[in-house]
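Undergrad: Here's a sequence, model it:
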Amino acid sequence: MNITVGTLILGTRPFNVRRAVISRREHLWEIEVETESEEFDGERWEPRLYHQGLLASAFENVGLEGKRTSWIATNDKEYPHPEGGYMCVFGHHDVRSCIVTFGNQSGGHLELKWSGKCDVFWDDEFSEDIPFDCTCMAIVID
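TA: The predicted structure follows:
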C-alpha cells in the first residue's frame, strides 16, 4: 500500500502523489514526483513531473526551504537552470509558465509546490497548455 504524500492536479483530473524526492547532484537539484495510476476512458494515466537540474546557485547555496524559482519557458534567455522541467503522461514534454516553491522542511521532508502548464496530446480537452498544480511533501536527499 502506497502512502499518499500530496496531490497533482492535471487539468481537471486529480492524482495522488505516491513518491516525491528532491535530491542534490553536485551543483544541481533534481525533483522527481510520481503519481498513482488512474484509469480514464480505458487508458491508464500515471503523470510524472520532474526537473533534472535546478542550479543550486539560484538558491544562494543556503538550502531550499523558503526558496522559489519561476520561468516562462526553458528557451528564454533568462532561464537560470542548465536542465529543463518535464511532465510525462503519454510522452515527455517541457513544462512552462512554472512557479516552484519550497516550503517548510521537517524531518527530512520538504514541502513542494509546483504549478505550470504542459502538453499531454491526448484529446481536445487534454492537448496543449494544460494547467497543473502539484502540492506534496518530498523526501530530501542532500
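
Undergrad: so what pLDDT did residue 5 get?
TA: As predicted, residue 5 sits at a pLDDT of 89.

Undergrad: can you check the one 4 residues further on too?
TA: Note for residue 9: predicted pLDDT of 98.

Undergrad: That one is in what secondary structure piece?
TA: strand 6-10 (DSSP states H and E).

Undergrad: Could you list which residues are in contact with the residue nearest the centre of the chain?
TA: In the chain, the centroid-proximal residue (CA atoms, centre = their mean) is residue 49; its distance is 4.1 Å. For residue 49, the contact set (CB atoms under 8 Å, 6 or more residues apart in numbering) comprises 8, 31, 33, 85-88, 95, 114, 132, 134. Glycine gets a C-beta too; all of them are placed from N, C-alpha and C.

Undergrad: Try it again at 7 Å.
TA: The contact partners of residue 49, taken as CB atoms under 7 Å, 6 or more residues apart in numbering, are 8, 33, 87, 114, 134.

Undergrad: Quick one: those residues as JSON lines, columns for neighbour count too.
TA: Formatted as JSON lines, the contacts of residue 49 follow (neighbours: other CB atoms under 10 Å):
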{"residue": "8", "neighbour count": "24"}
{"residue": "33", "neighbour count": "25"}
{"residue": "87", "neighbour count": "24"}
{"residue": "114", "neighbour count": "24"}
{"residue": "134", "neighbour count": "25"}
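
Undergrad: Format those residues as CSV; extra columns: distance to residue 102.
TA: Below are the contacts of residue 49 laid out as CSV (distance: CB to CB, whole Å):
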residue, distance to residue 102
8, 16
33, 13
87, 19
114, 10
134, 12
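
Undergrad: between those residues, which is nearest residue 55?
TA: Of all the contacts of residue 49, residue 114 has the smallest distance to residue 55: 16.4 Å, by CB to CB.
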